[in-house]
Structures are given as structure tokens and as C-alpha cells.
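# Quick check, what structure comes out for this input:
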Amino acid sequence: MPKIPFWVFILLAVLYFSAIRIDTMDIDASQYAEMSREMTHSNNYLQLYDRGVDYLDKPPFLFWVSATSMKVFGVNDLGYKFPSILFALLALYAVYRLTRLLYNEETGQMAALILGSCQGLFLMTNDVRCDTILMSCVITAIWLIKEWELSGKLYQLLLGTVSIAFGMMTKGPIALMVPVFCFAADWVLKRKWNYFIKPQYLLAIITIAVLLIPMSIGLYQQFDLHPEKHVNATTHVSGLRFFFWEQSFGRITGENAWENGAGFDFLLSNMLWSFLPWILLFLVALVINVVNVFKQSLRLQPRQEWVSTGGFILSYCALGLSHYQLPHYIFVAFPLAAIMVAGLLKDFFEGRYSLLYKVMKPVQLFVALVLFTGTTLTLCFVFPAGITMYIALGLCMLLWLYIAIAKQIKGKLLWISAGAIMLCNIFITHHFYYWLLKYQVGNTVGKYLHQHHISTDQLLVYRLDDPIDALPFYAQGLITNSDKPLLQFPAAKYVLTGDSGSYELKDRGFLFDTVKQGKFFKVSELTPQFLNPATRDSATKQYFLLRMKP
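Sure, this is the predicted structure:
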């Protein structure tokens, strides 16, 4: 089996950290960045506010660590993204240690590389949301609890439960459920019934409960003590009930009002892009593992594991039954999918499934070529690049071609896949995302306001069809004057508006100078019309930053 040099993981870390130069993306990432900025300004770490309004959706851990980071690095992209990237690297280490326990050293290295080079992780370290920290806390907990299972050392179980608590404070009870699914599946198939009831679990539960106290106090003070507050268009809202039940389990029972009609296959269909280039190998591994366990009458052999496969299947079922789903919800189970793929590659490299191995090699070559084709189209067609970028892409393709044909390189199936996705993401991050974010009005205008020392108190946002979540973060000030009639807001010295608003102001006799203008688009909702340069103008809208005259 191939051994993976440590410098490969250094390269992955460099790729993650290089994404810091890319602005945060509307809606979620920029919203969370702004909430973290507000926390640094108020020093209120128990209650959450979104642009000054009570916020009840995600738990506070992401905001705590991001606000702390901003205290060190400042209110900027580095301050917001730095903690999540560190947690991504922790996830790679945890999946390596867990897989080493389940298989061996080389398989652990492969699992870490597979997780680190899937498209979802590149996205998570760029468009930073809660899922990076959640995924890291969950896989770290599974690794530490597996260490306890094998060694019996109590401190490993307690560290695992601490990690679960941090995960719950990041995105709710799913951080507890995924480890439960993993070990329940494994212990049932190994008939380890005695592991379901252990006195140590009481101490673990107490540890989680104690760590959740600060968050629970904040929820109780902000919402339960104030039933008169209007939260999500209703009153008498319990923050504690929302966190511990409605936000997670309520999406299955229908008690949560959020619903987007996503079917049970929604998350798997989105894995077709987010788990590239490993998705086809994952599907093969899933089928093989399920077939094998049924052949063995639902009983595992001593050296077999069902932590990864069983944990993934049960987690997917729980997430897939939700009435409201988004593509990144499945990211929490990506470490388990990476372990499954690493286990399959181990079998391939040890001579098992030789016919299937011969089939998958050209399949993975095709996947790699598709990735390079998509990257080339981006540079040549979507956002045409300069000669330097074309030369860099050509050199990357030559490097990948060398990896594909060099006889001395072992484990070609691994390297052609990882090499392609890593090389392509250099250009996806630093060319595609870089130019895409030029069409996001919030960061563009926000930076202008901050650089020109324009207070957000002087700004009115008027008739602009855009979420502008990034605007207060980059302007470093609350945007409280949005869509108020201009006559009721005489203090407005600047107005950010679109075409219709600009025409209206002219018709009503207002005098102004245009200090900044440009085209904008909701970058999280890409369409073929926008991606085609010939039709992009018809997909975008115009914004104007106006300086009002007396």
C-alpha cells in the first residue's frame, strides 16, 4: 500500500489557509461572520444577535471561537475563517487516528487524504459555516471513544464526551447522535451487548450537561424569560426546547416550521459533487460492505468494523428523514465515508477484488479528466484568465500526467484522484471564487465604506434585491436603516440602492452623486445564464452607492 508523505498534508493545509484571501459568501458564512463581529463588539457571549435582532437558529460555539479569533487577528476574513480551518485539520488527524485503530497505519493515512481532498472540505474551508467544526468534533469524539473502548482509559471517554459537547454547541444534538449511531451499529454486529450499559456513561452524560450550562443559561435568559419576544414570526418561544428538540428532531416530526420538500435522496444526489473525486469509490465500498455483512448473517469477524458503514447509513437515514435539508448537512458524515473508501483501497492494493480494481482505475481517470475539463472551462470561458493562469494550469496538468504514467508511483488510483482535485482547487479557489465574489454587493460596498470611513449610521439601504449579509461585516457597523422611506430618514447621507430605487429618487427630485456602482448577483444561486459571459449582463442587476446632496 502507498505511504503518504507528511508534506502532502502540509500542501492541503496551505490550500485551506490560502482561501482566507477570498471574501465570505452570502448568505450563511457572511451572516455568521457578522454575528461574530457583533459579539466582539458587545462582549456578550451568552446571547446571540444578528444585526441587532434576537437570533435563534444555530448554537453559539462557532461564534465564540470566531469572535475570540477576531480579538487576535482583527475583524477580517482571517479572524473569521482561522478557527474553522484549524478544526478541519483536527478532523484529518482524528480520522487518521481512528482509521489506524480500525485498520492500520497506511489505511489511516489514506483516509485522512481522502477526507482532506474531497470537494466538500475545500468548500467548508472557504465558505465557512458550522459544519466544519461540527464534523471535526464528531469524528474526534468517535476516535477518542474508540480509544477508550480498546484501552479502557476513562480520560479518553471523557475527552470524547467533551468533543461531543462542543459539537452540540455548534449545531445541536446531531453531534451526539452520530457517535451513538456508529458505536451502536458496531456493537450490535459484534454482539457486544455489555457496552450498551456502562457506569462510565453516567459520568459522560454529566460532563456533557455541565459543558452545556453556559449555552443553556444564555438561551433561557434571552428567550424563555421573555415570552413576549417575536422570534421567527411567533411568540412564547422556548430557546431550550428549540435547541434540544425542535431544531433537530422537530424537522423529522414536522414541529419545525422549516420545510423545503427535499426527498430522502437529496443528500446523496448532492454528494455526487461534494464528495468528488471519491463518490463512485464510496458507492462501491458501501455496496460491498452491506453485501458482506448480510453474507455473514449480520455478524462481524474480529478484525472487521462497522463504525464507518453503519454510522454513515444510520446518520444518513436520520438526516434524510428531515423535512428541511441543505447539501452541507451530510458533511458531518464525510469522515465515515472517507474511512469506507480507504478500506476499499486497502483491499484493492492487497489484491482483493482485482476485477473491480481494473474497472475503477479508468473510471477514476475519467473523473479526474472531468475535473480538469471543468477547471479549464472556468478559466477559458466562465471567467477568462490571463496568460499566467493558463501557464499555471498547463504545468499542473503536466504534473498530474506524470503522476498518472510514472511507474514508480504506487497506489495510482489514490494519487490520480487526490492530485486532480487538489490541483484543480488551486484555480477554483483563487480564480473562480475570487472573481465570483466580485459580483457580491455586500463585501464590495462594505469594504468601500470602511476604507472611506463612512459610518453605517449614515447609510440607507433602499430597494435592493440582495441579502447584503456581508455588508455590515465588511463595513464593520450595523446596518439598521434598511428599506425605510427616505423622507422618514433625513439623516441619510448615503443610499445603497438598485435601478428602481435610483429612478425613484430622481423622479422625486432628490439630488445625489454616484460614488460607486457595479453589477451584482446572488452568488450562492448560480445559473447557466450567469455563468455564460454572453448572457451574464441579463442575469445581473445594477447597484448604486449614492451620496445625497442637501
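
# ok, now which ones touch the residue nearest the centre of the chain?
Geometric centre of the chain, nearest residue: residue 124, 3.5 Å, by C-alpha atoms, centre = their mean. Contact partners of residue 124, counting by C-beta atoms under 8 Å, 6 or more residues apart in numbering, are 84, 88, 131-132, 135, 328, 331. Placement of C-beta: from N, CA and C, glycine included.

# Just the buried residues of the residues you listed.
For the contacts of residue 124, a burial check counting by 16 or more other C-beta atoms under 10 Å picks out 84, 88, 131-132, 135, 328, 331.

# show me what contacts residue 279?
Contacts here follow C-beta under 8 Å, 6+ apart; on that basis residue 279 touches 271-272.

# how much space between it and residue 108?
21 Å (C-beta to C-beta, to the nearest Å).

# still on that earlier bit, can you lay out the contacts of residue 124 as CSV showing distance to residue 438, secondary structure and pLDDT?
CSV is the format used below for the contacts of residue 124 (distance: C-beta to C-beta, whole Å; DSSP: H, G, I helix; E, B strand; the rest coil; pLDDT from 0 to 100):
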residue, distance to residue 438, secondary structure, pLDDT
84, 23, helix, 95
88, 26, helix, 96
131, 26, helix, 92
132, 25, helix, 94
135, 30, helix, 96
328, 24, helix, 86
331, 27, helix, 94
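
# Of the residues you listed, which is the nearest to residue 380?
Of all these, residue 380 sits closest to residue 328, with 29.1 Å by C-beta to C-beta.

# From residue 200, how far out is the residue nearest to that closest one when sequence neighbours are not counted?
Excluding its sequence neighbours, the residue lying closest to residue 328 (C-beta to C-beta, 6 or more residues apart in numbering) is residue 131, at 5.0 Å. Using C-beta to C-beta, we find residue 131 at a distance of 30 Å from residue 200.

# how about JSON lines for the buried ones among the contacts of residue 124, with distance to residue 19 added?
Below are those laid out as JSON lines (distance: C-beta to C-beta, whole Å):
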{"residue": "84", "distance to residue 19": "10"}
{"residue": "88", "distance to residue 19": "10"}
{"residue": "131", "distance to residue 19": "15"}
{"residue": "132", "distance to residue 19": "12"}
{"residue": "135", "distance to residue 19": "17"}
{"residue": "328", "distance to residue 19": "16"}
{"residue": "331", "distance to residue 19": "16"}
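
# how's this structure carved up into domains?
With domains defined by automatic domain parsing, the chain comprises 6-349, 358-436, 440-548.

# winner for burial among those?
Per residue and on average, the most neighbours among the domains of the chain fall to domain 6-349, with a mean of 19 (mean count of other C-beta atoms under 10 Å).

# what are the ranges of the strands in the stretch 401-550 of the chain?
459-462, 494-498, 512-520, 541-548 (DSSP state E, counting those that start in this stretch).

# out of those strands, nearest to residue 303?
Closest approach to residue 303 among the strands of the stretch 401-550 of the chain (C-beta to C-beta): strand 512-520, 56.4 Å.

# for the closest one, what is the average pLDDT?
Here strand 512-520 scores 92 as its mean pLDDT.

# How about stretch 152-163?
Averaged over stretch 152-163, pLDDT sits at 95.

# Provide a list of residues in contact with residue 29.
Residue 29 touches 127-129, counting by C-beta under 8 Å, 6+ apart.

# Please state the offset of the host helix or strand of it from the chain centre?
When secondary structure is defined by DSSP states H and E, residue 29 falls within helix 28-42. Remark: helix 28-42 is offset 17 Å from the chain centroid, using C-alpha atoms, centre = their mean, to the nearest Å.

# Dump it to PDB, restricted to CA.
Taking Å, rounded to 0.1, in the frame of the first residue of the first chain, the C-alpha atoms of helix 28-42 are listed here in PDB:
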ATOM      1  CA  ASP A  28     -24.800  31.900   5.900                       C
ATOM      2  CA  ALA A  29     -21.000  32.500   6.100                       C
ATOM      3  CA  SER A  30     -21.200  36.300   5.900                       C
ATOM      4  CA  GLN A  31     -24.100  36.200   8.400                       C
ATOM      5  CA  TYR A  32     -22.100  34.200  10.900                       C
ATOM      6  CA  ALA A  33     -19.100  36.400  10.400                       C
ATOM      7  CA  GLU A  34     -21.200  39.500  11.200                       C
ATOM      8  CA  MET A  35     -22.700  37.900  14.300                       C
ATOM      9  CA  SER A  36     -19.200  37.000  15.500                       C
ATOM     10  CA  ARG A  37     -18.100  40.700  14.800                       C
ATOM     11  CA  GLU A  38     -21.100  41.900  16.900                       C
ATOM     12  CA  MET A  39     -20.100  39.500  19.700                       C
ATOM     13  CA  THR A  40     -16.500  41.000  19.700                       C
ATOM     14  CA  HIS A  41     -18.100  44.500  19.900                       C
ATOM     15  CA  SER A  42     -20.600  43.700  22.700                       C
END
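
# what comes into contact with the following helix or strand past that helix?
Using DSSP H and E, the helix or strand that follows helix 28-42 in sequence is strand 49-50. Contacts with strand 49-50, where a contact means C-beta under 8 Å, 6+ apart, come from 31, 34-35, 38, 42, 55.

# Would you mind listing where this structure has pLDDT under the threshold?
The model of the chain has pLDDT under 70 over residues 249-261, 487.

# Mind doing that once more with 80?
For the chain, applying pLDDT under 80 flags the ranges 1, 230-234, 236, 245-262, 302, 323-324, 480-491, 550.

# any idea where the helices of the stretch 51-200 of the chain begin and end?
Under the criterion DSSP state H, counting those that start in this stretch, the stretch 51-200 of the chain contains helices at 61-73, 77-102, 105-116, 119-124, 131-151, 154-171, 174-189, 200-211.

# Tell me which of those helices approaches residue 474 most closely.
Nearest to residue 474 among the helices of the stretch 51-200 of the chain is helix 77-102; the distance by C-beta to C-beta comes to 9.3 Å.
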